[in-house]
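Undergrad: Got a predicted model here, sequence first, then my questions.
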Amino acid sequence: MKATIEPTAAEAAPSPIRYTPEEWDMRVQLAACYRLAAYHDITDFFYTHITARVPGPEHHFLINPMGPFFHEITASSLVKIDLDGNIVEATHHRVNQAGFIIHSAIHGTRNDVACVFHAHTFAGAAVSAQKGGLLPISQYALQFYNRVAYHDYEGLAFDRAECERLAGDLGDKRTMIMRNHGLLTAGRNVPEAFMLMYNLVKACEVQIKAQAGGELHIPPPEICEHTAQQFENMYGREEAQEWPAALHLIEDQRDDYAR
């Protein structure tokens, strides 16, 4: 990875003028997603990441800087890197190499994916350690029935060789459980990636609590598939219908994150 590029005095205080309207909109959406992740406690210091593809032909994507917490992320503090992990614009921030490896694996192979969300929630990590993976025992989980990919643990994600295996395991799915590690979602846009992660986290939370309460009841396979298809019919469009409501939760932060 190239060394951090130090900003000039003129570049030290970024503004929307530096970016195309399309990139600035993506930056604001991604910053909002980080704030929502903090609001819902889908964080792990700054060691997990949400990335978004920058509109345009360059195959650049935005990632959080290493250091600030999710509730401190702003649109202008997001770091733009290429698929090789090189920082491509002036910034005083560094980025996490493991975050680059995981996210570049997907951004480099899935043209239909605009946003990748990786998380280490307690319940998500717990389910990732279970041999049976995500169980179809709740309405949260049923939307992912036979629609979750799995990737075996290979250690800290510093090895570029893992990219191909990670992308291959995800295939054409939008959700993945990284065994003994955590969760990942791949959305066609930022709102979709966020809502997939929100629901996947809830599914894992229900599973861990239900397993502590006794024998589980699992619906018949045909009901599981029927429910999953119902979710697809209801939420199959690109736009996440919950996104505007979700933004209301952090409306008081907008002047901060959208800068």
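TA: Sure thing, it's come through. Since the structure is predicted, the reported quantities are computational estimates derived from the model, not experimental observations. Numbering: from 1, shown residues only.

Undergrad: for the stretch 151-259 of the chain, what spans make up the strands?
TA: Here the stretch 151-259 of the chain has its strands, by DSSP state E, counting those that start in this stretch, at 175-178, 182-187.

Undergrad: now these in JSON lines, with distance to Arg18?
TA: (Glycine included, C-beta is placed from N, CA and C.) JSON lines is the format used below for the strands of the stretch 151-259 of the chain (distance: least, C-beta to C-beta, whole Å):
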{"stretch": "strand 175-178", "distance to Arg18": "34"}
{"stretch": "strand 182-187", "distance to Arg18": "26"}
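
Undergrad: where are the low-confidence patches of the stretch 151-259 of the chain?
TA: In the predicted model, the stretch 151-259 of the chain carries pLDDT under 70 at residues 235-239.

Undergrad: that older thread, highest average neighbour count across the strands of the stretch 151-259 of the chain?
TA: By mean neighbour count, with neighbours taken as mean count of other C-beta atoms under 10 Å, strand 182-187 ranks first of these at a mean of 26.

Undergrad: which other helices and strands contact that one?
TA: helix 97-107, strand 115-119, helix 122-128, strand 175-178, helix 190-211 (3 or more C-beta pairs under 8 Å, 6 or more residues apart in numbering; DSSP states H and E).

Undergrad: contact partners of it?
TA: Under the contact criterion C-beta atoms under 8 Å, 6 or more residues apart in numbering, strand 182-187 has outside partners 48, 102, 106, 110, 113-121, 124-125, 128, 170, 173-178, 193-197, 200-201, 204.

Undergrad: cutoff 7 Å now
TA: Residues outside strand 182-187 that contact it (C-beta atoms under 7 Å, 6 or more residues apart in numbering): 106, 110, 113-121, 124-125, 128, 170, 174-178, 193, 196-197, 200-201.

Undergrad: now stretch 27-34
TA: Applying C-beta under 7 Å, 6+ apart, the contact partners of stretch 27-34 are 19, 50, 52, 62, 64, 70, 73-75, 78, 190, 194, 247, 250, 257-258.

Undergrad: which among these gets closest to Val95?
TA: The nearest member of the contacts of stretch 27-34 to Val95, counting by C-beta to C-beta, is Asn64 at 7.8 Å.

Undergrad: Would you mind giving me the confidence score for the closest one?
TA: As predicted, Asn64 sits at a pLDDT of 94.

Undergrad: need the contact list for it.
TA: Tyr34, Phe46, His49, Ile73, Leu78.

Undergrad: Tell me if the first one really is in a helix.
TA: This points to Tyr34. Yes - per DSSP: H, G, I helix; E, B strand; the rest coil, Tyr34 lies within a helix segment.

Undergrad: can you tell me how far it sits from Met197?
TA: Applying C-beta to C-beta, to the nearest Å, the value for Tyr34 to Met197 is 12 Å.
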